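**Student:** Make a model of this:
(one chain, ligands or ions: 1)
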Amino acid sequence: MKYIGVDDLDIDLFEGQYEVPLGVSYNSYVILDEKVAIMDTVDATKTQEWEKKLEAALAGKTPDYLIVQHLEPDHGGSVEYIMGKYPNMTAVCSQKAVAMFKRFFDEDFTDRIQVVKEGETLSLGKHTLQFLMAPMIHWPEVMMTYDQLTKTLFSADGFGKFGALCKEEEDDEGWACEARRYYFNIVGKYGAMVQNLLKKAANLDIQQICPLHGPILSEDLGYYIGLYDTWSKYEPEDEGIFIAYCSLHGNTAKAALVLADLIREKSNVKVSTSDIARDDLHEAVEDAFRYDRMVLCAPTYDGGVMPIMDDFINHLRIKTYQNRKVGIVENGTWAPAAGKKMREQMEAMKGVTIIYPIVTIESTVKSKTVEDLAELADALLA
Ligand code: FEO
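**Tutor:** Residues are numbered from 1 along each chain as shown. Here you go, the predicted model:
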């Protein structure tokens, strides 16, 4: 198997929304056997660079199969081009992908598609590819591929990570940090599907995982699979308290940071804070899922809650945030309403327990506010 993926350092936002300061990789692979198979393509902005790598790997051979595990444009963006270049190549994909071919591509490839179902195999010679349907990880047509010879799982978006491969050494927070941000923001809603996939994968002897983003994983696979198991069960990965705050004039921010200090004074529990208006909101989503407790701190705004906090809570709702303890701190000068709004929104989520007291800051942090925050800190640590 040869890696022929490309790094994208030109991208500003992945999927038009996620910050990727270290870029992203679009992974693609070639398996050279009696028959030659290409495993996925890359984003259309990188077709030429990918094609050069593909040609070098093929060394004059002609590919027989294009295994299309996922048709989202970051992977399917060069399918139409490469199918045109190799007119005898067959695309291998799930039934759900067939309709997407027609939606994405002008050319009709119907006669050149081989549909595979759960568990079906395709022999390339020594290599036998076994297909595992993986719907909603993270589109409905997704499948994964297990190479029985090399015991490699080609895992589509699963086990993917933000960050170009050429920047891996600069990512000193390790695999989990950007893999977690990727998982909860992109795959997070579909934990049940990931659990199904993990159950199927448990029956396979996997020695190597080749995702469509990020590094190939070949050592300590139990670590990565264990994290995916925790994440997809919506269980907290770490004990700790994440404080998400926004602030109009700095007073709510001050209260959030006082609360963080009080917790640190009272315990060794890890505390993480984020100014969600200034820091990466998607990293805040990641931290909300990472820890077992969270505190939301926001001012009242137009009779409700400051819009960025509404946005953050909506992100959590979409990603099915659940089974966590949540504290609330509101601010309001004449008619505090943010606390009630945040409480109602969080109580609508499965298994969320509100930790009392809900603290009300009446404009600025006073000694009474500190007393109330200390009471909330005690309740969070109880
Ligand atoms: Fe990497 Fe769902 O695309």
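**Student:** For Thr121, name its beta-bridge partners.
**Tutor:** Gln130 (DSSP bridges).
**Student:** for it, what are its contacts?
**Tutor:** 128-131, 148 (CB atoms under 8 Å, 6 or more residues apart in numbering). Every residue, glycine included, has its C-beta placed from N, CA and C.
**Student:** could you dump those to JSON lines with neighbour count?
**Tutor:** Output for the contacts of Thr121, formatted as JSON lines (neighbours: other CB atoms under 10 Å):
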{"residue": "Thr128", "neighbour count": "14"}
{"residue": "Leu129", "neighbour count": "25"}
{"residue": "Gln130", "neighbour count": "17"}
{"residue": "Phe131", "neighbour count": "22"}
{"residue": "Gln148", "neighbour count": "15"}
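**Student:** Helices of the chain, start to end?
**Tutor:** 47-58, 73-76, 79-85, 95-104, 175-182, 191-201, 221-232, 251-266, 281-290, 307-318, 338-347, 367-381 (DSSP state H).
**Student:** what's around the closest residue to Lys2 other than its chain neighbours, how many residues?
**Tutor:** The shortest distance from Lys2 to any non-neighbouring residue, by CB to CB, 6 or more residues apart in numbering, is to Ala57 (4.3 Å). For Ala57, the tally of surrounding residues (other CB atoms under 10 Å) stands at 20.
**Student:** separation between Ala57 and Met39?
**Tutor:** Counting by CB to CB, to the nearest Å, the separation of Ala57 from Met39 is 11 Å.
**Student:** Find the residues that touch each one of those two.
**Tutor:** Common neighbours of Ala57 and Met39 are listed as Val30 (criterion: CB under 8 Å, 6+ apart).
**Student:** Tell me which of the helices of the chain lies nearest to the ligand.
**Tutor:** With CB to the nearest ligand atom as the measure, helix 73-76 is the member of those nearest the ligand (4.5 Å).
**Student:** Point out the other helices and strands that the closest one packs with.
**Tutor:** Counting contacts by 3 or more CB pairs under 8 Å, 6 or more residues apart in numbering; DSSP states H and E, helix 73-76 is packed against strand 24-26, helix 95-104.
**Student:** Need those in JSON lines (columns: mean pLDDT and distance to the ligand).
**Tutor:** Written out in JSON lines, the entries for these read as follows (pLDDT from 0 to 100; distance: least, CB to the nearest ligand atom, whole Å):
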{"stretch": "strand 24-26", "mean pLDDT": "98", "distance to the ligand": "8"}
{"stretch": "helix 95-104", "mean pLDDT": "97", "distance to the ligand": "12"}
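**Student:** so which of those gets nearest Asp7?
**Tutor:** Taking CB to CB as the measure, those were each checked against Asp7, and strand 24-26 came out nearest at 5.1 Å.
**Student:** Now tell me what touches the closest one from outside.
**Tutor:** Counting by CB under 8 Å, 6+ apart, strand 24-26 makes contact with 5-8, 11, 14, 42-43, 46, 50, 74-75, 162-165, 212-214, all of which sit outside it.
**Student:** partners of it in the sheet?
**Tutor:** With DSSP bridges as the criterion, the sheet partners recorded for strand 24-26 are strand 6-8 (antiparallel).
**Student:** List the contacts of the strand it pairs with.
**Tutor:** By CB under 8 Å, 6+ apart, the surrounding residues in contact with strand 6-8 are 23-26, 28, 42-43, 45-46, 49-50, 53, 164-167.
**Student:** What distance do you get for the residue in the chain positioned nearest to the ligand to Asp302?
**Tutor:** With CB to the nearest ligand atom, the shortest gap between the chain and the ligand falls at Glu72, namely 3.8 Å. When CB to CB is applied, the distance between Glu72 and Asp302 equals 37 Å.
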